[in-house]
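K.L.:
Let's see this in three dimensions:
(2 chains)
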Amino acid sequence: MSRPDEAATAGAVRSLLGPLCVALLCGIVLTGTNLLTSERISSNEQRQAQQQLRTLLNGQVSAAALDQAHWDVGTETLCVGDSVVLKSQTEGYAGTIELLIAMHRPTRQLLGVTVTRHLETPGIADFLNDKGEDGWLSRLRNRAAGTVSELDTVSGATISSSAILRSVTRTLQDAAPDTVCAR
Amino acid sequence: MTLVKVFNNAWLHNNAAWVQLLGLCPLLAVSNSLVNALGLSLATALVIVGSNTSVSLLARMIPDHVRLPCFVLIIATFTTTAMLLLQAYAFDLYLGIALFVQIIVTNCMILSRAEAFASRQPALPALVDALGTACGFTLALLTLGITRELLGSGTLFAGMEQLFGPNAADWRLEVLPANTTLTLLKLPPGAFLGAGLLLALANSLRRTAPSTPLDSPQSDSATDQ
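P.N.:
Numbering: from 1, shown residues only, chains lettered A, B, ... in the order given. Predicted coordinates:
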C-alpha cells in the first residue's frame, strides 16, 4: 500500500472516530440524566394523574377508594368505588381536547368533567383550565346525562365549549362501564 | 479580547434578541407570563452554557465537514437534559412550556454561538460568551414577560410556585384591577406588539447611550475570529 493511501485511510478513520466519540459522550450524558431523573418524573406524573382524579371526584367517593385508584397503561376506563372515570377526546378549535369524564354508575349521572390537555387559544379558552367552583366546567357537575346539551356554550369560545358538550353527551351515552367494573 | 469584553458583547452590544433578532419564536410564544419566561430562560441558559463549553472542548475532534450535525447533536443532548430536569423538578411549569423547551434545539441563537464563537475559542471564553448570551436572552424574555403579564393579566409573579415550591404562591401581586387589563397582550398579537415596542425602546437607548458602540452583528463575527 502506498503512502498517500495510508494517509487517506488515517484521515477517514479520524473523521469517523471524532463524531463517534461525540455521539458516545452525548449518549453517556443522556443516560446519566435519565437515570437520575426517571424516578422523580414518574412520581410527578403519577401525582398529576392522582390530582386530576381528586379534582374530578372531589367529595363523590371515599378517600380510600381514591388512593387506590390509578390508571393502568392503555386503559380508557377507571372504576373508583361507585363511580367510573372515562377518558374522552374531541376536536376543538385548535386541536384535540382531552377530557376526563366521571359518571355515577348506578344512576348514569354525570359527576364532573375535567380537561387534561388542550391547544385552544390562551386568553379565550382559559375557562378550560379553570377548575374552580365558578368555572364553566363546574356547571357540568352532578347533571343528568340528558341535560348536558341544554347547557349554554361560552360566548367567544363556542367551538371549544360545544365540542366538549357533544363529547360528554356521546361518552355518557356510549359508556358501558359494567363490563369493565364487574363486581 | 478580554473576558469582560466577551461578556459585554454577548449580553449587551450583540444581545441575541434585541440586537440580532435571534430566538424570536420562543421569545414571543413563552413571554405571556413572568414564570413561563423565567422557566424558558433557565432551560435556554443550561443548553447554551452546556453546548458552548462542550463544542469548544470537542472542537478538535470534530471534522470540519460534519461539524454542524455534531453541534446539533450536542445541543439536542443538552435540550433533552434540560427537559428531563424540568420534568423532574418543575413538572407543572414543564406542562405549560413543554413545546418551547423542546424547540430550544432549533434556536438559531444557540447554533450561531457554537458555530461563530465556541468552535474557534478555548473553553473559558466560550463559557463566558454563553453566560453573556444567556443573560441577554433572559433579560429580553423577562422584560417582555413582565410587560405582558402586568398589562395583560394585571398580576406579577403569578404561578411562581411552579418554579420555587409552594411557598412562592404568596409572591403573587395584583397590580392592576381586572377590568383595566388588555387581554390582547396575552395573545400572540400582543407578543408581536410588545416585542416591537421593546425593540424600538432598546434601539433608541442604544442610539442615545454615548458609551455603547453601535455594533452590528456582522462586525461582531469579524471580531470573534
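K.L.:
what's the nearest residue to the residue nearest the centre of chain A if we skip its chain neighbours?
P.N.:
Central residue of chain A (C-alpha atoms, centre = their mean): residue A:116, 4.7 Å from the mean position. Once flanking residues are discounted, residue A:116 sits nearest to residue A:98: 4.8 Å by C-beta to C-beta, 6 or more residues apart in numbering or on different chains. Just so you know, the C-beta spots here come from the backbone N, C-alpha and C atoms, and that holds for glycine as well.
K.L.:
which SSE is the one you found in?
P.N.:
Per DSSP states H and E: residue A:98 is located in strand A:96-104.
K.L.:
Packing partners of that strand?
P.N.:
Where contact means 3 or more C-beta pairs under 8 Å, 6 or more residues apart in numbering or on different chains; DSSP states H and E, strand A:96-104 is packed against helix A:3-56, strand A:83-91, strand A:109-117, helix A:158-174.
K.L.:
Flag every buried residue along the last one.
P.N.:
Of the residues in helix A:158-174, those buried under the neighbour-count criterion (16 or more other C-beta atoms under 10 Å in any protein chain shown) are A:160-165, A:167-169, A:171-172.
K.L.:
now do stretch B:45-63
P.N.:
B:45-56, B:58-59, B:61-62.
K.L.:
From those, pick the one nearest residue A:70.
P.N.:
Of all those, residue A:70 sits closest to residue B:46, with 32.4 Å by C-beta to C-beta.
K.L.:
pretty sure that closest one contacts residue B:85?
P.N.:
Yes - the criterion here is C-beta atoms under 8 Å, and residue B:46 meets it with residue B:85 at 7.4 Å.
K.L.:
Quick one: neighbours of residue 129, just the number.
P.N.:
If you meant another chain, say so; for now it's chain A. By the criterion of other C-beta atoms under 10 Å in any protein chain shown, residue A:129 has 15 neighbours.
K.L.:
if you could check chain B rather than the one you did, that'd help
P.N.:
29.
K.L.:
give me the element it is part of.
P.N.:
helix B:123-153.
K.L.:
ok, back up a step: now the helices and strands packed on strand A:96-104 as TSV including mean pLDDT?
P.N.:
As requested, these are exported to TSV (pLDDT from 0 to 100):
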stretch	mean pLDDT
helix A:3-56	89
strand A:83-91	92
strand A:109-117	90
helix A:158-174	92
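K.L.:
what's the spacing between residue A:111 and chain B?
P.N.:
24 Å (C-beta to the nearest C-beta, to the nearest Å).
K.L.:
scratch that, residue A:36 is what I was asking about
P.N.:
Distance from residue A:36 to chain B, by C-beta to the nearest C-beta: 8 Å.
K.L.:
ok, how many other residues are close to residue B:147?
P.N.:
18.
K.L.:
Kindly report the residues of chain B close to chain A.
P.N.:
Within chain B, the positions lying close to chain A (C-beta under 8 Å from any C-beta of the partner chain) are B:32, B:54, B:58, B:61-63, B:65-66, B:69-70, B:73-74, B:76-78, B:80-81, B:84-85, B:87-89, B:91, B:95, B:152, B:183, B:186-187.
K.L.:
List buried residues within these.
P.N.:
Looks like the residues of chain B next to chain A have B:32, B:54, B:58, B:61-62, B:70, B:73-74, B:76-78, B:80-81, B:84-85, B:87-88, B:91, B:152, B:186-187 buried, using 16+ other C-beta under 10 Å.
K.L.:
partner residues bridging the residue nearest to residue A:86 when sequence neighbours are not counted?
P.N.:
The shortest distance from residue A:86 to any residue other than its chain neighbours is 4.7 Å, reached at residue A:101 (C-beta to C-beta, 6+ apart). Counting by DSSP bridges, residue A:101 is bridged to residue A:86, residue A:113.
K.L.:
Number of residues surrounding residue A:101?
P.N.:
Residue A:101: 22 neighbours (other C-beta under 10 Å).
K.L.:
now it: how far from residue A:70?
P.N.:
18 Å (C-beta to C-beta, to the nearest Å).
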